[in-house]
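Student: Here's my sequence, what's the structure:
(8 chains)
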Number of protein chains: 8
Amino acid sequence: MRLTVYLAGEIHSSWRDEIKEKAAALKLPIDFVGPQENHDRSDNIGEEIIGEQPGPFYKDWAASSFNNLRTEVLMQKADLVIALFGEKYKQWNTAMDASAAVALGKPLILIRPEQHIHALKELSRKANATVENCDQAIKALKYIFD
Amino acid sequence: MRLTVYLAGEIHSSWRDEIKEKAAALKLPIDFVGPQENHDRSDNIGEEIIGEQPGPFYKDWAASSFNNLRTEVLMQKADLVIALFGEKYKQWNTAMDASAAVALGKPLILIRPEQHIHALKELSRKANATVENCDQAIKALKYIFD
Amino acid sequence: MRLTVYLAGEIHSSWRDEIKEKAAALKLPIDFVGPQENHDRSDNIGEEIIGEQPGPFYKDWAASSFNNLRTEVLMQKADLVIALFGEKYKQWNTAMDASAAVALGKPLILIRPEQHIHALKELSRKANATVENCDQAIKALKYIFD
Amino acid sequence: MRLTVYLAGEIHSSWRDEIKEKAAALKLPIDFVGPQENHDRSDNIGEEIIGEQPGPFYKDWAASSFNNLRTEVLMQKADLVIALFGEKYKQWNTAMDASAAVALGKPLILIRPEQHIHALKELSRKANATVENCDQAIKALKYIFD
Amino acid sequence: MRLTVYLAGEIHSSWRDEIKEKAAALKLPIDFVGPQENHDRSDNIGEEIIGEQPGPFYKDWAASSFNNLRTEVLMQKADLVIALFGEKYKQWNTAMDASAAVALGKPLILIRPEQHIHALKELSRKANATVENCDQAIKALKYIFD
Amino acid sequence: MRLTVYLAGEIHSSWRDEIKEKAAALKLPIDFVGPQENHDRSDNIGEEIIGEQPGPFYKDWAASSFNNLRTEVLMQKADLVIALFGEKYKQWNTAMDASAAVALGKPLILIRPEQHIHALKELSRKANATVENCDQAIKALKYIFD
Amino acid sequence: MRLTVYLAGEIHSSWRDEIKEKAAALKLPIDFVGPQENHDRSDNIGEEIIGEQPGPFYKDWAASSFNNLRTEVLMQKADLVIALFGEKYKQWNTAMDASAAVALGKPLILIRPEQHIHALKELSRKANATVENCDQAIKALKYIFD
Amino acid sequence: MRLTVYLAGEIHSSWRDEIKEKAAALKLPIDFVGPQENHDRSDNIGEEIIGEQPGPFYKDWAASSFNNLRTEVLMQKADLVIALFGEKYKQWNTAMDASAAVALGKPLILIRPEQHIHALKELSRKANATVENCDQAIKALKYIFD
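Tutor: Numbering: from 1, shown residues only, chains lettered A, B, ... in the order given. Next up, the predicted model:
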């Protein structure tokens, strides 16, 4: 039995690589998918595909079309979603993806730093499990196969 | 035909009163529901109901149980959700509620200030309509009945 | 038992008035809802609510946000959808609404002129019933209560 | 991860071949499905299977049964739907399939020429992304795998 | 709390009157709905609405359109379905409606005579409860309110 | 806004009366529904309706048909489910109803005594909120309306 | 792309072999599943598994448990359902399975003899396509892959 | 055709091994999944992953997070659920998992000892089939493939 896991969350650090490497080291039969991790490309993908827009609002609208398309296709393929909040940034997409996962019946592991316990308490209560780092998330993934 | 509208978003300003008053002035047949707006009570509701907890993490966990219960009951009653982002705060609950509304098939109006256009572009793209203030949201509500 | 019926289709003729008057004459317990029938207002509603846009494409995009919001709220309230195709115009919104009704499990009556039998054969086959004029649609509505 | 993509839309041009060839050139792991592209066969399939009918209306009704059966089986297999509108024809089946895709939760890319921006604005607003030609659609497909 | 109950089954006897009278005598807060009980009208409704057809096959096809429309609208309103099999006739519509009720999550009471126990065993096993006459069905309805 | 609340759980104590009286004292706009509380009648309802059975296994099978019918009709009407575990008895129906509520998307409040914390930990984790007595459950209901 | 097709209907003739052989001759990539075709075994499976029952009613009840279990597992695997009515027998299971398929969103091909056109008109109207023999059903299957 | 079967129920005996061995001996194409069977590990998994908790209540809450995550992922993969009740213990998780299976549309086989017939009558009535031991459950699995 293989699982597909969608990795939602910030694209400013290499946490996805850490998850993938540790899962590979444990030989967990998991295929990981996720958003476009090149930040500039994610911001520019609208103009890259449909051409120049009349200003930043419209550039953002175009980019979000293709980013949402990607997320929707891949999240529907996922058996499980992991959503990571870092210490900085607004991270509204992370909250959006985590909440969509719960509403769609996709099991959710939330990773969030201690400092965000209070601000994320309602989202954390909706998740199946909340942990503080990637190591703990890997242990949770491994437990599914043990 | 009456509609029930859930007002998701920050509880630090009186934007819900503005919406309700303007809807009343226009005699729109709408019942408004929403989260607990007393911030302290929202934070303390867990201990208020099930008693003192062994620390802030557990106090938050208890409070979020009852806040989520309330939101889930009331959002299921809603025909439409309006989610407002203010200029400050993390507002992860707003993103969570807005995303849940979309995933549950509830039509969504997003209200967000101009400065958050970029950070909210993917959530905005999922909403049925995005506006910048309560007056515009009221016009959108009124248009449904015109 | 009252029913709510959504009247999808062109807004260039007064067919909705005909349906409503005939249903009233028969005292059918039906509440009718439908799209904005003032064509200019439907085209301008985006700029009316969120202000001037940088060109016709963006004006259309803004208008469609509020038109879709309205349709989604009202169609979810409907027990039955009637979709009318006239003899002229592209009427892609009519096809869109009729198909959405079927996919959402809303019973559908299609009204289409004889000349469009061939072009609408697949949509007609998905409808619960297809008729050629409003009188026949009224008879179908009446039959539900007989 | 392989995806299945349903190609809805007109069967008078070779746009599906263009999509398939370009996807093959990029080695995208995609299986394409779609409607019967032989127009005469699509019109005659009813009589081909269940025999001669008493007139064109009944011939159309018979053909649409098997065309809809095919579409329903294949669209349920699809992870993503691309719907193309050409410059001519009524294309009500395209609007029907695109709208059904959205209602069924299938991500949708709309391809439509500039001249149809206004007439397709509401359907375009429901799509995940709208583009103007096959090259742009291929870029959107590729972005999912990048 | 009022319930709506759909009465599926044969239209050759007056069993629906018996159910309605006994429920009224017990003052059960129930609204009953069901198919067209005038057999001739049920068979002719297609031609009554859309005009003469080229033969009995097409007359049946037309009639079934409006009969299915009626059933679909009314069954979606129902909280509970009662399906009665008599001793005679094929009664395939009864089996069809009873099975649809189960698949749609509508609680089902089956009424069938002793002689059909074997032939209806699989359908009976899917029903919430199976009884042999209207008196027993009324007791089951009453038990919901006791 | 009125709510309907299903009260699942043991029928050996008068906890439902306590809930109803306290809700009435607070004038909460709630309609309460629940299982048959007369234990003997609940056990005998099968034979009461369809007559004597060939042994206790078949008597139980008959009774459970009508008890499940009642529960299914009433739980589908509920906006919220409260499930109470007492200190004694197996209470498998309580676990069954609570789990069905969660799976059906009905918000769930679990009431369980301290001694069952460990044995009910997985079910408690699925509930929206877990409390230890009826007073706390009433506070949770009241909070929804505050 | 392979399809799984559930073959519902009578088990007194060899129509399933005919379908399978013709599909194999055409090399259609289809896996066929269906009910237990040994009539005696189907009737006795309850007592075969859980032992002797106190009479024919209880024997039927036991058998139907395992027959329904089998059907439910296999039909959930199916992409398409073919339901055949023969000229004789009540065939209520066929009507039940065909109706369940439609309600579950499984595309349905109905095979029924000319003499049953009238009695099956409502079920036929719900099917995607209705044919009169296995050859026509095979042509419909083949058309999906052409 | 392979099936995935989730084995819910007590983890104090080796009944899962018995099921797996007998299925293997019959060469049934089945993949079995289920909960963590090491009781201590199941109780400690919360502290194992997220660290020491401030007391047994919180230890249980943490453990149940990961146990529920595991169950939710694996049960969503299952085509069929078998739930076994032993003679001892509260077994509320078994009732919870069995009920969730039914509510999610997963076919369910219940295994329960004779002494629990009465207490489990309502859950048994919801199951597709109820048997008394693993041998009978294996026969039911085998019947699906015969």
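
Student: Which parts of chain A are helices?
Tutor: Assigned by DSSP state H, chain A shows helices spanning A:15-25, A:39-50, A:56-77, A:92-103, A:121-126, A:134-145.

Student: hey, which of those helices is tucked in deepest?
Tutor: Each of these was scored by mean neighbour count; the highest is helix A:92-103, a mean of 26, by mean count of other CB atoms under 10 Å in any protein chain shown. No exception for glycine: its C-beta is placed from N, CA and C like everyone else's.

Student: tell me the residue furthest from the middle of chain A?
Tutor: A:Pro54 (30.2 Å; CA atoms, centre = their mean).

Student: ok, that one - contacts?
Tutor: C:Pro54, C:Gly55, C:Tyr58 (CB atoms under 8 Å, 6 or more residues apart in numbering or on different chains).

Student: mind running it again at 10 Å?
Tutor: By CB atoms under 10 Å, 6 or more residues apart in numbering or on different chains, the contact list for A:Pro54 reads C:Gln53, C:Pro54, C:Gly55, C:Phe57, C:Tyr58.

Student: With A:His39 instead?
Tutor: Contacts of A:His39 (CB under 10 Å, 6+ apart): A:Glu10, A:Ile11, A:His12.

Student: Just the buried residues of those.
Tutor: Listed as buried from the contacts of A:His39 are A:Glu10, A:Ile11; burial here means 16 or more other CB atoms under 10 Å in any protein chain shown.

Student: if you look at the contacts of A:His39, which of them are in strands?
Tutor: Here DSSP state E is the test, and those give no hits in strands at all.

Student: Would you agree A:Asp135 is in contact with A:Glu18?
Tutor: Yes: using CB atoms under 10 Å, A:Asp135 makes contact with A:Glu18 at a distance of 8.5 Å.

Student: Kindly report the residues of chain A close to chain H.
Tutor: A:1, A:3, A:5, A:79-80, A:105-109, A:127-133, A:135-146 (CB under 10 Å from any CB of the partner chain).

Student: can you tell me how far the residue of chain A found nearest chain C sits from chain E?
Tutor: In chain A, the residue that lies nearest chain C is A:Pro54 (4.2 Å; CB to the nearest CB). Counting by CB to the nearest CB, to the nearest Å, the gap from A:Pro54 to chain E is 46 Å.

Student: backbone phi and psi for that residue, please?
Tutor: phi -80, psi 20 (degrees, to the nearest 10).

Student: What of A:Pro113?
Tutor: Per degrees, to the nearest 10, the backbone of A:Pro113 is at phi -70, psi 160.

Student: For it, which non-adjacent residue is closest in space?
Tutor: A:Glu87 (5.2 Å; CB to CB, 6 or more residues apart in numbering or on different chains).

Student: swap in A:Gly46?
Tutor: Nearest in space to A:Gly46, with sequence neighbours left out and distances taken as CB to CB, 6+ apart, is A:Ala62 at 2.5 Å.

Student: With mean pLDDT added, can I get the helices of chain A in a markdown table?
Tutor: Below are these laid out as a markdown table (pLDDT from 0 to 100):
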| stretch | mean pLDDT |
| --- | --- |
| helix A:15-25 | 98 |
| helix A:39-50 | 97 |
| helix A:56-77 | 97 |
| helix A:92-103 | 98 |
| helix A:121-126 | 98 |
| helix A:134-145 | 98 |
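
Student: can you pull the contacts of the residue nearest to A:Leu120 when sequence neighbours are not counted?
Tutor: Using CB to CB, 6+ apart and skipping the chain neighbours, the partner closest in space to A:Leu120 is A:Arg112 (5.2 Å). Residues in contact with A:Arg112, defined by CB under 10 Å, 6+ apart, are A:9, A:83-87, A:91, A:94, A:98, A:119-120, A:123-124, A:127, A:130-133, B:92.

Student: about what we covered before: and the contacts of A:His39, which is closest to F:Leu69?
Tutor: When the contacts of A:His39 are compared for distance to F:Leu69 (CB to CB), A:Glu10 wins out at 50.8 Å.

Student: Check the contact between the closest one and A:Ala95; I expect there is one.
Tutor: No: using CB under 10 Å, A:Glu10 is not in contact with A:Ala95; the gap is 11.5 Å.

Student: what do these two both touch?
Tutor: A:Ala83, A:Phe85.

Student: Chain A against chain D: which residues are in contact?
Tutor: A:4, A:31, A:33, A:36-38, A:41-42, A:45-46, A:48-51, A:62, A:64-77, A:104.

Student: List the contacts of the closest residue to A:Ile19 other than its chain neighbours.
Tutor: Once flanking residues are discounted, A:Ile19 sits nearest to A:Cys134: 5.4 Å by CB to CB, 6+ apart. Residues in contact with A:Cys134 (CB under 10 Å, 6+ apart) are A:Trp15, A:Arg16, A:Asp17, A:Glu18, A:Ile19, A:Glu21, A:Lys22, A:Ala23, A:Ile82, A:Leu84, A:Ile111.

Student: okay, the residues you listed in JSON lines with distance to G:Lys27 next?
Tutor: JSON lines is the format used below for those (distance: CB to CB, whole Å):
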{"residue": "A:Trp15", "distance to G:Lys27": "49"}
{"residue": "A:Arg16", "distance to G:Lys27": "43"}
{"residue": "A:Asp17", "distance to G:Lys27": "45"}
{"residue": "A:Glu18", "distance to G:Lys27": "48"}
{"residue": "A:Ile19", "distance to G:Lys27": "44"}
{"residue": "A:Glu21", "distance to G:Lys27": "45"}
{"residue": "A:Lys22", "distance to G:Lys27": "46"}
{"residue": "A:Ala23", "distance to G:Lys27": "40"}
{"residue": "A:Ile82", "distance to G:Lys27": "43"}
{"residue": "A:Leu84", "distance to G:Lys27": "49"}
{"residue": "A:Ile111", "distance to G:Lys27": "50"}
